[in-house]
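Peer 1: fold the following.
(2 chains)
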Number of protein chains: 2
Amino acid sequence: MQTSLKIAVVGSGLVGSLLAIYLKKAGHTVHVFDRSPDIRTIQFSGRSINLAMSHRGWRAVNDIGIGEEIRKIATPMDKRAIHLVGQPLTYQYYGQEGECIFSISRGVLNRKMISLAEEAGVEFFFNSRIWDVNLTEATLHIGETERGAWEDLKYDKIFGADGAFSRVRHRMQRQSMFNYSQEFLNIGYKELNIPANPDGTHKLDKNSLHIWPRREFMLIALPNLDGSFTCTLFMPFEGENSFEALRDKETLEAFFATHFPSTVDVIPKLVEDFFKNPTSTLVTMKCYPWTYEDKIALIGDACHAIVPFYGHGMNAGFEDITVLNRLMQEHGDDWKTIFSKYQQERKPNADAIAELSYRNFIEMSSDTADPRFLLRKKIEKWFSEKHPQLWLPLYSRVTFSYRPYAEALAIGDHQKAIMDEIMAISGIEDNWDSPETERRILDLLQGIPK
Amino acid sequence: MQTSLKIAVVGSGLVGSLLAIYLKKAGHTVHVFDRSPDIRTIQFSGRSINLAMSHRGWRAVNDIGIGEEIRKIATPMDKRAIHLVGQPLTYQYYGQEGECIFSISRGVLNRKMISLAEEAGVEFFFNSRIWDVNLTEATLHIGETERGAWEDLKYDKIFGADGAFSRVRHRMQRQSMFNYSQEFLNIGYKELNIPANPDGTHKLDKNSLHIWPRREFMLIALPNLDGSFTCTLFMPFEGENSFEALRDKETLEAFFATHFPSTVDVIPKLVEDFFKNPTSTLVTMKCYPWTYEDKIALIGDACHAIVPFYGHGMNAGFEDITVLNRLMQEHGDDWKTIFSKYQQERKPNADAIAELSYRNFIEMSSDTADPRFLLRKKIEKWFSEKHPQLWLPLYSRVTFSYRPYAEALAIGDHQKAIMDEIMAISGIEDNWDSPETERRILDLLQGIPK
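Peer 2: The predicted structure follows:
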């Protein structure tokens, strides 16, 4: 057991509120600060992308005993549903039979997590803006405005769970030897909505993550409990097919009629939502170190914000908590060791999921529409079922396993090199499940970590 | 001619003061702000590395008519002098006969530049700390402390020439879509000193850049006008041979006796300077965009801080000014176009010199001590003299030409690939200047940009 401490968590988002539950249940006094109002009292922002909770996320909520509560608000998705213009709908299964990712509304989950944290005894302070942090003293500077009067609150530890634009990190960044990068994509996103049928059922298959892949841009839709889907349109800010180009109702409607004809009947408030909802940016943020002595630690997006194309932002943040919790159990009151091992263990994995997420835009927006990609996936699945000890597909290793992300990235690159060779075999379309193909993959696997 | 404007330059360093001269001579009212006292009134910091001014730097000072003044404080260096333990001193010439880089004390040059700027009519405001900038209004917020009272000063344009930790950039960084990275090396540096002989002469050859290459660490020495040398010790912060390991007088003296025996007699104040002077960090900083509408522009280290191993930090910053000045002449009062073309033209070149500088630590600290590297250089020089239209060595293209850095990087990589093949030829040591070698290089050059 650890000695009970007074701990501040900055940020009441998903990672902040789950971390608060863990810390509270570990015996600490936990105060959570957020610059925003209580999300349970306000409307959602209209700038959200539904979450895709998978193994790593589930483990973190299960381990602290709130998995059952979360499952009630989650919709399983076992496949991608691919919508191509003028072609029948096709399905691409994510994993083995029974393996699913789960669609959850970010807002619904966040409200639930805050309530669960309060029930656990965590205290929340909303509308409380942190302007600065004294790192050596673990003191928060809180106030109405950046230049106005501030109140100083002293803690034993402070966790920065305050997202990609973290104020806690902002202070650490001004230390010497702090490595940092932020890189924005030229692609933005906008939230749209497919409402439920009048009887509350879903207008599209509810156990699929729907994708309309159009190469430079794509639309996706994830199911909600109430029969609706939260849609996200990803496209460049500028250029031919871009947010900039969709300036008025006529252009927008013509664009959707051309590129997303199957959505015209199911997104009734397209024009209203498109021009009302903000166009949001996508950033990859990396930094190091993540901790300051035994006083301050960053967690989740505050130290590794990634683009959403692998659906792992929350899962990676929750896995930070799993690792931190394990280290707290192993090292008791030795917070210096806990923080040091935490950042050393997590940093390479955060970098790996950042890279995988960045790459996955291509997979979602282009590859899913490519018959060669489908053949590749089919071969991988066939071989993997024959030799489960030798081949776990990359997607499964990332999503349906607890293996480190860095391992997934490295082995995924090996597998890709092998599959590139296999796909180059002349006539592979007809011999994809032949003994020769199997033999060739086995040969190529020699010397490669399983 | 441009319409006369009121322009603020933040930072009175080398780039800030040279830019101020250019702007003043272009007819503008120019105010330069610096958080520090006037460098002409204070002692130097003891954390400097001597500058190596080369073609790009000279062009910028010549074009505005102050080249003659600067030449008076510059010492030409036409070669590296390589000091190996137990071996005779060797020299490696930088370019063709007569091609030199010039050693200048940063402090001496900065004092001179400020005086020249004042003579030109620029106004300086020292001890004036900029805490924030209003980008859209081009207003500086100045005050004693970050949280105290601020004065607001409004300008037509603001240039951020305030270095790697720029406050102006700091504000731009908080804009959406601002890409940024800062990455520290694990290598730090410390200034040391070789004083002049009693008669004012230099203790080592004064027309050489002296290097004591020791792989993971190295010492360099650059001549000053007064007969002294400014030395810089580069080494890791931690590990076997590191700043951390040199904790006391005895360890330090033993270390120098072992690794730099030839310096023992010429650095008399080793112990005093080593423990008095700070250990400084080395950072590569990249960002984009560099400008905000037609109001704000970053320049020099404020938008592209690089490590010092190519001696091009100042040269690259001065080249920013050359480009900006050319665009001011081409586009008159169309500052939007000036700023837009400025950043588009300079960004790839800034990235290229950052990469070249990063790589050059290996060349300086390891390759210069490697006979294979010397052979490689010898072959390049020989071929280049035979075929000057076909082969300009990388160092010469960076240092003794005005070709874009990005071109130097790209062509340098091609040349390296060719030289890797040449060096792999069996018996090349004996046939390095044979007709076969010449023929082989010519063959390999086919299809490669000259």
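Peer 1: how about low-confidence regions in chain A?
Peer 2: Residues of chain A meeting the criterion pLDDT under 70: A:447-450.
Peer 1: how about the residues of it by chain B?
Peer 2: With C-beta under 8 Å from any C-beta of the partner chain as the criterion, chain A meets chain B at residues A:Arg147, A:Gln173, A:Ser176, A:Met177, A:Phe178, A:Asn179, A:Tyr180, A:Ser181, A:Gln182, A:Glu183, A:Phe184, A:Thr281. Yep, even glycine has a C-beta here, placed from its N, CA and C like the rest.
Peer 1: which one of those residues is nearest to A:Ile82?
Peer 2: A:Thr281 (26.6 Å; C-beta to C-beta).
Peer 1: could I get the buried residue list for stretch A:175-185?
Peer 2: Of the residues in stretch A:175-185, A:Phe178, A:Tyr180, A:Ser181, A:Gln182, A:Glu183, A:Phe184, A:Leu185 count as buried by neighbour count, 16 or more other C-beta atoms under 10 Å in any protein chain shown.
Peer 1: what about that stretch, start to end distance?
Peer 2: Its start and end residues considered, stretch A:175-185 measures 27 Å (C-alpha to C-alpha, to the nearest Å).
Peer 1: for chain B, what's the nearest residue on the stretch 201-350 of chain A?
Peer 2: Going by C-beta to the nearest C-beta, chain B is nearest to A:Thr281 of the stretch 201-350 of chain A, at 5.3 Å.
Peer 1: ditto for chain A
Peer 2: Going by C-beta to the nearest C-beta, chain B is nearest to A:Ser181 of chain A, at 3.5 Å.
Peer 1: got the CA coordinates for whichever strand or helix holds that residue in CSV?
Peer 2: Under the criterion of DSSP states H and E, A:Ser181 resides in strand A:179-184. Only the C-alpha atoms of strand A:179-184 are listed here, as CSV (Å, rounded to 0.1, in the frame of the first residue of the first chain):
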residue,chain,number,x,y,z
ASN,A,179,12.0,17.5,-26.3
TYR,A,180,8.8,18.5,-28.0
SER,A,181,7.0,18.4,-31.3
GLN,A,182,3.6,19.2,-32.6
GLU,A,183,2.6,18.5,-36.2
PHE,A,184,-0.8,19.3,-37.7
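Peer 1: can I see the domain layout of chain A?
Peer 2: Under automatic domain parsing, the residue ranges defining each domain of chain A are A:6-74+A:104-179+A:285-360, A:370-445.
Peer 1: how far is stretch A:246-259 from where the chain is centred?
Peer 2: From the chain centre to the centre of stretch A:246-259 is a distance of 29 Å (C-alpha atoms, centre = their mean, to the nearest Å).
Peer 1: for the stretch 101-250 of chain A, which segments count as helices?
Peer 2: For the stretch 101-250 of chain A, helices defined by DSSP state H, counting those that start in this stretch occupy the ranges A:106-120, A:167-172, A:249-259.
Peer 1: now do the contacts for the residue lying closest to A:Gly160 once chain neighbours are set aside.
Peer 2: Using C-beta to C-beta, 6 or more residues apart in numbering or on different chains and skipping residues adjacent in sequence, the residue nearest A:Gly160 is A:Val168, 2.9 Å away. With contact set as C-beta atoms under 8 Å, 6 or more residues apart in numbering or on different chains, A:Val168 has these partners: A:Val10, A:Ile130, A:Val133, A:Ile158, A:Gly160, A:Asp162, A:Ile296, A:Leu298, A:Ala302.
Peer 1: could you redo the last one with a cut-off of 10 Å?
Peer 2: A:Val168 is in contact with A:8, A:10-11, A:130, A:132-133, A:135, A:140, A:158-162, A:292, A:296-299, A:302-303, counting by C-beta atoms under 10 Å, 6 or more residues apart in numbering or on different chains.
Peer 1: same check on A:Gly163?
Peer 2: A:Val10, A:Gly11, A:Gly13, A:Val15, A:Gly16, A:Arg169, A:Met285, A:Gly300, A:Asp301, A:Ala302, A:Ala305, A:Gly317 are the contacts of A:Gly163 under C-beta under 10 Å, 6+ apart.
Peer 1: nearest to B:Gly427, of the residues you listed?
Peer 2: If you rank the contacts of A:Gly163 by distance to B:Gly427 using C-beta to C-beta, A:Met285 comes first, at 52.6 Å.
Peer 1: count of neighbours near A:Ala257?
Peer 2: 11 (other C-beta atoms under 10 Å in any protein chain shown).
Peer 1: hmm, A:Thr263 and it touching each other?
Peer 2: Yes - taking contacts as C-beta atoms under 10 Å, A:Ala257 lies within contact range of A:Thr263: 9.4 Å.
Peer 1: what is the burial count for A:Ala369?
Peer 2: A:Ala369: 21 neighbours (other C-beta under 10 Å).
Peer 1: check A:Ala410 too.
Peer 2: 15.
Peer 1: buried residues in whatever helix or strand it lives in?
Peer 2: Using DSSP H and E, A:Ala410 maps to helix A:405-423. By neighbour count with 16+ other C-beta under 10 Å, helix A:405-423 contains the buried residues A:Tyr405, A:Ala406, A:Glu407, A:Ala408, A:Leu409, A:Ile411, A:Gly412, A:His414, A:Gln415, A:Ile418, A:Met419, A:Ile422.
Peer 1: where's the fourth one relative to B:Leu209, distance?
Peer 2: Distance from A:Ala408 to B:Leu209, counting by C-beta to C-beta, to the nearest Å: 47 Å.
Peer 1: again with the third one
Peer 2: A:Glu407 sits 46 Å away from B:Leu209, going by C-beta to C-beta.
Peer 1: got the contact list for A:Gln92?
Peer 2: A:79-82, A:208-209, A:211, A:368, A:373-374, A:377-378, A:381.
Peer 1: repeat that for A:Asp420.
Peer 2: A:Asp420 touches A:Arg376, counting by C-beta under 10 Å, 6+ apart.
Peer 1: now A:Gly300
Peer 2: A:Gly300 touches A:11, A:13-16, A:18-19, A:159-164, A:166, A:313-314, A:316-321, A:350, counting by C-beta under 10 Å, 6+ apart.
Peer 1: of those residues, which belong to strands?
Peer 2: A:Phe159, A:Gly160 (DSSP state E).
Peer 1: that's all I had, so thanks and see you.
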